[in-house]
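Asks: I would like to see how this sequence folds:
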Amino acid sequence: MDFGRRTLLLGAMAGSLLPRRQARADVAQVRETAVALLPPGGTRHYAEANGVTLHYVAVGNGPPVVLLHGWPQTWFAWRGTMERLADRFTLIAPDLRGMGLSERTESGYDKRTLAADIAALILKAAGGRAHVVGHDMGGKVAYVLAHLHAECIDRLVLVDCSVPGTESGDALHGGLWHYGFHMASGFPEMLTRGRERDYISAQIKAWSYRKDAITEAAITEYARHYATPGGMTAGFNLYRALPNDAALVASFGDRKLDLPLLTIGGRHSVGGSLATAIRSRATKVKSIVAEESGHFVAEEEPAFFCDQVGRFLSS
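Replies: Next up, the predicted model:
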């Protein structure tokens, strides 16, 4: 169902429950809010892909580029990137399964399944082949996609993420505490219930070098989706799938990716560790570090990020 039809249904429901003038005002506000979220010229779509309904936003002209967000974000993480690159590329930014406006399922958050979702989306929305840019959990999906569906990808960009199986979740030895917390059964849902925005905001601030790079409005946009029933569980399930993801990547053995690949790390986040992990796993690697950035490079250093990505995808 496209957004226009959803809006019409919403209008019908509002009209049956509210005075006609109020119903019209509420529907108009919904439309204005939805349009305001989109990049200029952007359009909203829904596609059946690998048995799940994926929501995505598209804008621009030129070679297709699929942008994969991480946790705790949605497609909206790429809005600024889409504005900057729309004159050179067709940008396609989906919500991953269970996130944002994409269908929420009980299972399927392992990166093999998510990669199959994106491969099917590329077939439907990009004619079967595209450049792929993945950040955080979206980077893990992109890495698996490149191994299992290489025919879908022209060039690959991995942004401040870890190869599945290389994450450091041992907090006693300098690792990140949230891995274990998010993977625990039931506890993270219980402890974040009713405080979803507080938790998401705290995580974003902790992982950012530029604390004001992601606006309060953007945090509110992310939180309103994760705060819906099952939203936090879907996000935590991305972490709960990590042991299976690590086993999958281990099964690749010494097989190397043979496509042009760019890694971008934030100096105050993964830094050069992503490049180190990838060099032994791919044959055509270029690596850069964003010096004034933490985890959210596309938002913390947008001009630098878009310049580097644009140059790489055009070369």
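Asks: which residue is nearest the centroid of this protein?
Replies: By Cα atoms, centre = their mean, the chain has its centre lying nearest to residue 69, at 1.1 Å.
Asks: please report how far it lies from residue 127.
Replies: To residue 127, residue 69 is 22 Å away according to Cβ to Cβ, to the nearest Å. Quick note: C-beta positions are derived from backbone N, CA and C, even for glycine.
Asks: mind checking pLDDT for the residue nearest to the centre of the chain?
Replies: On the pLDDT scale, residue 69 is placed at 98.
Asks: what's the answer for residue 168, then?
Replies: Reported pLDDT for residue 168: 85.
Asks: SS state for it?
Replies: Assigned with DSSP: H, G, I helix; E, B strand; the rest coil, residue 168 falls in the coil class.
Asks: against residue 273, how distant is it?
Replies: Taken as Cβ to Cβ, the span from residue 168 to residue 273 is 9 Å.
Asks: what of residue 66?
Replies: 25 Å.
Asks: what about the two, which has more around it?
Replies: Legend: neighbour count by other Cβ atoms under 10 Å for residue 66 and residue 273, higher for residue 66 (26 against 16).
Asks: these two touch, right, the more buried one and residue 92?
Replies: Yes: at 4.9 Å, residue 66 counts as touching residue 92 under the criterion of Cβ atoms under 8 Å.
Asks: mutual contacts of the two, please.
Replies: Here residue 66 and residue 92 have 121, 125-126, 130 as joint contacts, going by Cβ atoms under 8 Å, 6 or more residues apart in numbering.
Asks: what sits against residue 292?
Replies: 209-210, 267, 300-301.
Asks: so of these, which two are at opposite extremes in space?
Replies: Pairwise distances across the contacts of residue 292 (Cβ to Cβ) peak at 11.5 Å, for the pair 210 and 267.
Asks: which neighbours do the two share?
Replies: 292-293.
Asks: okay, domains of the chain per the record?
Replies: Listed by automatic domain parsing, the domain ranges of the chain are 1-37, 43-314.
Asks: now do the last one: distance to the chain's middle.
Replies: A distance of 4 Å separates the C-alpha centroid of domain 43-314 from that of its chain, computed with Cα atoms, centre = their mean, to the nearest Å.
Asks: how long is it end to end?
Replies: End-to-end span of domain 43-314 (Cα to Cα, to the nearest Å): 24 Å.
Asks: stretch 179-192 now?
Replies: End-to-end distance (Cα to Cα), stretch 179-192: 15 Å.
Asks: is the nearest residue to residue 94 once chain neighbours are set aside bridged to anything, and to what?
Replies: Computed as Cβ to Cβ, 6 or more residues apart in numbering, the closest residue to residue 94 that is not its neighbour in sequence is residue 56, at 3.8 Å. On the basis of DSSP bridges, residue 56 is bridged to residue 45, residue 94.
Asks: now residue 56: how far from residue 298?
Replies: 17 Å.
Asks: which ones are touching residue 81?
Replies: So residue 81 contacts 67, 91, 298, 302, 305-306, 309 (Cβ under 8 Å, 6+ apart).
Asks: state the distance from it to residue 306.
Replies: 6 Å.
Asks: give me the common contacts of those two.
Replies: The contact sets of residue 81 and residue 306 overlap at residue 298 (Cβ under 8 Å, 6+ apart).
Asks: residues contacting the nearest residue to residue 149 once chain neighbours are set aside?
Replies: Spatial nearest neighbour of residue 149, excluding adjacent residues (Cβ to Cβ, 6+ apart): residue 119 at 4.0 Å. Listed by Cβ under 8 Å, 6+ apart, the contact set of residue 119 reads 50, 145, 148-149, 152.
Asks: mind checking which of the contacts of residue 81 are in strands?
Replies: Within the contacts of residue 81, residues falling in strands by DSSP state E are 67, 91.
Asks: tell me the one of the contacts of residue 81 nearest residue 278?
Replies: Nearest to residue 278 among these, with distances taken as Cβ to Cβ, is residue 309, at 16.1 Å.
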